[in-house]
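Colleague: need a structure here:
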Amino acid sequence: MNEKATGLAGQEALPEAFPPLTRHEALVESTRCLMCYDAPCTHACPTHIDIPKFIKKISTGNLKGSARTILESNLLGATCARVCPVQELCEGACVLGAEHKPIAIGRLQRYAMDYVYGKGLDIFLTAKTTGKKIGVVGAGPAGLSCAGELAKKGHDVTLFEKRDLAGGLSTFGIIGLREPVGISLAEVEMIRRLGVRIETQREIGKDLALAELQAKFDAIFLSLGLGATPNLGIPGEEQVIDGLEYIEQSKLNGHNLKIGRNVVVIGAGNTAIDCATIAKRCGAEDVTMLYRRTAGEMTAYPHEYDFIKKEGVRFEFLAQPVRILTEKGSVEAVECVRMSLGPKDASGRPAPRPVEGSHFVIAADQVVKAIGQEKASLAARLNLKTLKGYIDVNEDFQTSLPGVYAGGDCIRARGAASTVMAVQDGKLAARAIHERLVGNG
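Modeller: So this is what the prediction gives:
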């Protein structure tokens with residue numbers, strides 16, 4: 001196995017995919033926008049940023065005003081400018097996309113956000129204090145969004161995070177190629193400057209009890225995320241690296257990141273593609289992605305699939321690992337079986353079935369699994385009503401417990417989980433909490 005020296009301590013293994021736009025590039029791109037009335041790009045944005053408005057302000061040189069327009073709808077505008085699947089959302093809806101090139105909305109949003117963070121500008125002032133206290137559990141995108149929106153309205157907000165750094169997957173689980181850790185942490189500091197107290201290494205169910213929080217706060221918002229990556233349930237699994245840990249090491253400990261020569265990534269979602277990207281760009285000679293269905297059933301975005309094919313990553317479709325082969329504690333290969341597709345299962349996709357006598361072996365000295373995350377078991381332990389294993393909430397994001405709200409991946413029983421959807425959950429939940437506590441004022 002190669003041990004790549006990928007930078008100084010704490011540096012990420014991979015730089016951002018795109019350089020920032022220059023002033024000239026931003027001006028030229030912003031003037032291409034048609035400033036559509038009832039713009040489809042704004043409707044396609046889950047947080048409903050007024051996209052023509054922020055782009056117009058870039059074209060007139062009002063970058064602070066542009067950033068304000070973004071942040072009024074999405075407090076995590078710097079993160080979402082980088083990680084949103086814009087091809088599927090705002091840029092995909094751009095009217096210029098049919099016959100021309102869509103406006104680079106994501107990069108223009110990044111341009112405005114980089115300006116305010118680079119200048120150290122704070123956009124919002126907090127309102128007069130309401131005297132109401134809210135506890136937010138989980139400092140991922142939903143929790144940060146909810147906490148920040150409530151602080152803007154004058155509430156006393158405390159945000160609890162079980163890890164030593166806030167930011168959730170934006171800090172730990174999104175590849176540095178898309179979002180450097182510094183961007184996430186800068187947004188955390190912005191939320192802190194709004195008046196939110198952030199207490200790290202505080203975990204509900206361990207050193208925090210829900211009953212204790214209910215007694216102390218007027219309302220609670222739970223942003224619990226999801227659980228661990230499921231087990232493969234195969235011999236030799238102890239040699240398999242968790243995909244989220246692989247990404248985290250590339251972001252927070254890049255100088256010690258170990259990359260194999262022949263890397264196998266199990267899974268075909270966006271996280272699996274991120275893991276394959278890390279391996280390929282950090283020195284692996286051969287990277288293979290294993291998936292038990294076909295390309296048509298992949299959960300990764302189509303543009304991500306196109307991207308990783310151009311990176312030179314090989315795919316083995318209709319293949320499932322059955323054993324990790326090792327020699328003296330080191331991975332040597334992955335034994336697989338061919339699969340066929342049967343009737344649709346609970347996921348709505350054709351169910352894979354092993355083909356008898358079809359075993360084969362792929363050489364590998366490093367195996368990474370990225371097969372999704374389990375639903376958080378904490379919901380049941382907190383006596384919260386669940387739906388398909390996720391926390392069940394009403395239209396106001398309130399759980400089955402009065403005064404306890406939830407949002408983000410932990411409630412995503414329907415639809416795709418994403419950073420921008422979590423941000424919107426936090427924003428809407430904050431609105432509902434504020435209205436319950438003080439009315440519409």
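Colleague: going forward, measure contacts between C-alpha atoms and count neighbours the same way
Modeller: Fine.
Colleague: care to break the chain down by domain?
Modeller: As assigned by automatic domain parsing, the chain contains the domains 32-119, 133-227+375-438, 237-369.
Colleague: could I get the ones you listed as a markdown table with mean pLDDT and distance to residue 16?
Modeller: Output for the domains of the chain, formatted as a markdown table (pLDDT from 0 to 100; distance: least, C-alpha to C-alpha, whole Å):
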| stretch | mean pLDDT | distance to residue 16 |
| --- | --- | --- |
| domain 32-119 | 96 | 9 |
| domain 133-227+375-438 | 95 | 4 |
| domain 237-369 | 94 | 11 |
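Colleague: nearest to residue 23, out of these?
Modeller: domain 32-119 (8.6 Å; C-alpha to C-alpha).
Colleague: hmm, back to that, dump the domains of the chain to TSV, plus mean neighbour count.
Modeller: Below are the domains of the chain laid out as TSV (neighbours: other C-alpha atoms under 10 Å):
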stretch	mean neighbour count
domain 32-119	19
domain 133-227+375-438	21
domain 237-369	19
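Colleague: tell me which of those domains lies nearest to residue 14.
Modeller: domain 133-227+375-438 (5.4 Å).
Colleague: and the helix or strand hosting residue 135, what does it pack against?
Modeller: In this structure, residue 135 sits in strand 133-137 according to DSSP states H and E. Contacts defined by 3 or more C-alpha pairs under 8 Å, 6 or more residues apart in numbering; DSSP states H and E place strand 133-137 against helix 141-152, strand 156-161, strand 219-222.
Colleague: take the domains of the chain and lay them out in JSON lines including distance to residue 125.
Modeller: Shown next, in JSON lines, are the domains of the chain (distance: least, C-alpha to C-alpha, whole Å):
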{"stretch": "domain 32-119", "distance to residue 125": "12"}
{"stretch": "domain 133-227+375-438", "distance to residue 125": "7"}
{"stretch": "domain 237-369", "distance to residue 125": "32"}
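Colleague: right, and those - which one's nearest residue 126?
Modeller: Across these, closest to residue 126 is domain 133-227+375-438 (C-alpha to C-alpha), at 4.5 Å.
Colleague: now do the same end-to-end measure for the closest one.
Modeller: Domain 133-227+375-438 has an end-to-end distance of 12 Å (criterion: C-alpha to C-alpha, to the nearest Å).
Colleague: now it, how far from the chain's geometric center?
Modeller: 14 Å (C-alpha atoms, centre = their mean, to the nearest Å).
Colleague: what do you get for stretch 282-293?
Modeller: Mean-position distance between stretch 282-293 and its chain equals 22 Å (C-alpha atoms, centre = their mean).
Colleague: ditto for stretch 257-266
Modeller: 23 Å.
Colleague: check stretch 427-441 too.
Modeller: 26 Å.
Colleague: what does it contact?
Modeller: 74, 130, 132, 142, 145-147, 149-150, 153, 218-219, 221, 396-398, 405-407 (C-alpha atoms under 8 Å, 6 or more residues apart in numbering).
Colleague: try 6 Å this time
Modeller: 145-146, 150, 396-397 (C-alpha atoms under 6 Å, 6 or more residues apart in numbering).
Colleague: before we move on, what about stretch 299-311?
Modeller: 269-270.
Colleague: quick one: end-to-end length of stretch 88-102, please.
Modeller: 12 Å.
Colleague: show me the contacts for residue 30.
Modeller: By C-alpha under 6 Å, 6+ apart, residue 30 lies in contact with 55, 59.
Colleague: ok, it to residue 115 distance?
Modeller: 15 Å.
Colleague: same deal with residue 16?
Modeller: 17 Å.
Colleague: now the residue lying closest to residue 85 once chain neighbours are set aside, what are its backbone angles?
Modeller: Closest residue to residue 85 apart from its sequence neighbours, by C-alpha to C-alpha, 6 or more residues apart in numbering: residue 301 at 7.8 Å. With angles defined as degrees, to the nearest 10, residue 301 sits at phi -60, psi 150.
Colleague: quick one on the thing from earlier: quick one: closest of the helices and strands packed on strand 133-137 to residue 60.
Modeller: helix 141-152 (27.7 Å).
Colleague: would you mind getting the angle between the closest one and strand 133-137?
Modeller: Angle of helix 141-152 versus strand 133-137, following axes from the mean of the first three to the mean of the last three C-alpha atoms, to 10 degrees, is 170 degrees.
Colleague: please name the nearest non-neighbouring residue to residue 379.
Modeller: Among residues not flanking residue 379 along the chain, residue 391 sits closest, at 6.2 Å (C-alpha to C-alpha, 6+ apart).
Colleague: for the one you found, name its beta-bridge partners.
Modeller: Using DSSP bridges, the beta-bridge partners of residue 391 come out as residue 386.
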